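Enquirer: Dropping the sequence and predicted coords here.
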Amino acid sequence: MSLQSAYTQDLIEAGLDEAGRGCLAGPVVAAAVILPKDYKHNTLNDSKQLTRSEREKLREEIQKDAITFAVAEASNSEIDQVNVLNASFLAMHRAVDNLLVLPQMLLIDGNRFKPYPFITHTCIVKGDSKFLSIAAASILAKTYRDDLMEKLAKDFPQYGWETNAAYPTKAHYQALEKYGITPHHRRTFRLGEIIK
């Protein structure tokens with residue numbers, strides 16, 4: 001089933017999604033994407049449903065086809081200060097800030113959002129499998145964050161970030177127990193007794 005091109009008939013819509021909320025290290029990354037109103041794409045889907053090579057190919061197409069797009073981060077220290085949910089909203093707001101065209105409606109993947117000043121929004125559960133702009137945002141956020149974690153993995157190769165993207169895998173936990181935390185780890189997040 002192909003995803004929907006738009007939520008409204010006449011408003012300029014930006015799809016928003018984030019990547020990395022459930023990770024133990026690194027930033028949370030959000031993307032905002034405005035696609036043409038009548039945009040169609042047969043293979044664009046939620047990034048979690050795609051292979052890495054499919055995401056990379058789609059990333060290029062999205063960046064070429066989008067009216068405008070932006071990717072932004074909230075750091076692991078910001079996550080520790082405001083919690084990961086609020087940090088994901090912060091990253092989303094930063095992504096909207098960086099769009100070259102001001103949207104009139106924000107389509108948010110999920111069920112919660114902190115309102116962006118003067119722009120209406122709607123939250124859509126599993127929105128990345130329903131609307132093309134949200135799916136596009138999920139791909140840009142995921143590919144950007146994967147690239148970032150690969151770069152960080154070169155300085156901290158013990159944790160396997162190039163393959164686990166800092167998600168809480170068994171190997172990641174074992175590395176934490178053996179080597180401790182890095183400056184990139186979220187000290188308030190699921191690290192439990194490891195930090196003691």
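Expert: On my side now, so go ahead.

Enquirer: What is the longest helix belonging to the chain packed up against?
Expert: Across the chain, the longest stretch assigned as helix under DSSP state H is helix 132-155. If you count contacts as 3 or more Cβ pairs under 8 Å, 6 or more residues apart in numbering; DSSP states H and E, helix 132-155 packs onto strand 13-19, strand 28-34, helix 52-65, strand 68-74, strand 105-109, helix 161-164. Every C-beta, even on glycine, is put in place using the N, C-alpha and C of the backbone.

Enquirer: chain center to it, what's the gap?
Expert: In terms of Cα atoms, centre = their mean, to the nearest Å, the centre of helix 132-155 is set 7 Å apart from its chain centre.

Enquirer: so residue 87 sits right up against residue 72, yeah?
Expert: No. Using Cβ atoms under 8 Å, residue 87 is not in contact with residue 72; the gap is 11.1 Å.

Enquirer: neighbour-wise, which of the two wins?
Expert: residue 87 (26 against 22; other Cβ atoms under 10 Å).

Enquirer: tell me the SS of the more buried one?
Expert: Secondary structure, DSSP: H, G, I helix; E, B strand; the rest coil: residue 87 is helix.

Enquirer: residues near residue 8, how many?
Expert: Look at residue 8: counted by other Cβ under 10 Å, it has 13 neighbours.

Enquirer: scratch that, residue 154 is what I was asking about
Expert: Neighbour tally, residue 154, other Cβ under 10 Å: 9.

Enquirer: now swap in the one 5 residues further on and tell me
Expert: When counting by other Cβ under 10 Å, one arrives at 27 neighbours for residue 159.

Enquirer: ok, now how distant is it from residue 88?
Expert: From residue 159 across to residue 88, the span is 22 Å (Cβ to Cβ, to the nearest Å).

Enquirer: Sketch out the low-pLDDT regions of the chain for me.
Expert: Scanning the chain for pLDDT under 70 picks out 1, 189-196.

Enquirer: swap the cut-off to 90 and go again
Expert: 1-2, 42-52, 188-196 (pLDDT under 90).

Enquirer: before we move on, the earlier item: same question for the longest helix of the chain: list its buried residues.
Expert: 132-146, 148-149, 152-153 (16 or more other Cβ atoms under 10 Å).

Enquirer: Minimum distance to residue 81: which of the helices and strands packed on helix 132-155 has it?
Expert: When the helices and strands packed on helix 132-155 are compared by Cβ to Cβ, strand 68-74 sits nearest residue 81, at 9.5 Å.

Enquirer: which residues are in contact with that closest one?
Expert: Here strand 68-74 makes contact (Cβ atoms under 8 Å, 6 or more residues apart in numbering) with 27-34, 62-63, 87-88, 90-92, 94-101, 136-137, 140-141, 144.

Enquirer: tell me the angle of it relative to helix 52-65?
Expert: Calculated by axes from the mean of the first three to the mean of the last three Cα atoms, to 10 degrees, strand 68-74 forms an angle of 120 degrees with helix 52-65.
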